[in-house]
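**Q** After the sequence you'll find the predicted model.
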Amino acid sequence: MKKLLSILVLSLLFGGSGYAKDTLISCSADKNTIYPTFIFEINDRKKDIKLVEGLAVNEDKKLIKEFSKNNIDFEYDGIFTYSRDKDNNLVANNNEKYINIVISRMTGRMSFLMDERNNDKLLPMESFTCKKTEPIF
């Protein structure tokens, strides 16, 4: 009887979390901007967020500063940007940048800032609206 009870308790403890799905959110800019729509995958069980689409980033250079029921605050380091020269060729910019992203889980708002480290000038943050999304297929 004790074995049966312990099996029942363990199955109730571990039964629900094994099937927890990741949440996909899509964040679109509030105004015309150079930044695309971002798609993130949020894993509440692991307290992790992953940028699935929007910019090419290195997940190894991600720092999660806050992961709570209200906010997710994280940044990526080592971002290289590109621009076009007068002949319309892609040219790598010399300065390595970082991006800081804050997502409010209460309002569905995302703030996005891309800047260089140790930059004295203050750049405006871009504002995005986020909503839950599902894969098409």
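**A** Looks like it came in fine.
**Q** For stretch 116-129, give the mean pLDDT please.
**A** What stretch 116-129 shows for mean pLDDT is 77.
**Q** One more: stretch 103-110?
**A** Here the average pLDDT along stretch 103-110 is 96.
**Q** and it, how far from the chain's centre?
**A** Offset of stretch 103-110 from its chain centre (Cα atoms, centre = their mean, to the nearest Å): 12 Å.
**Q** and if you look at stretch 116-132?
**A** Taking mean C-alpha positions (Cα atoms, centre = their mean), stretch 116-132 and its chain are 14 Å apart.
**Q** Report the separation between S111 and D30.
**A** 11 Å (Cβ to Cβ, to the nearest Å). (Glycine included, C-beta is placed from N, CA and C.)
**Q** Which of those two has more residues huddled nearby?
**A** Legend: neighbour count by other Cβ atoms under 10 Å for S111 and D30, higher for S111 (15 against 12).
**Q** quick one: buried residues of whichever strand or helix holds E41?
**A** Using DSSP states H and E, E41 sits within strand 38-43. Using 16 or more other Cβ atoms under 10 Å as the test for burial, strand 38-43 gives 38-40, 42.
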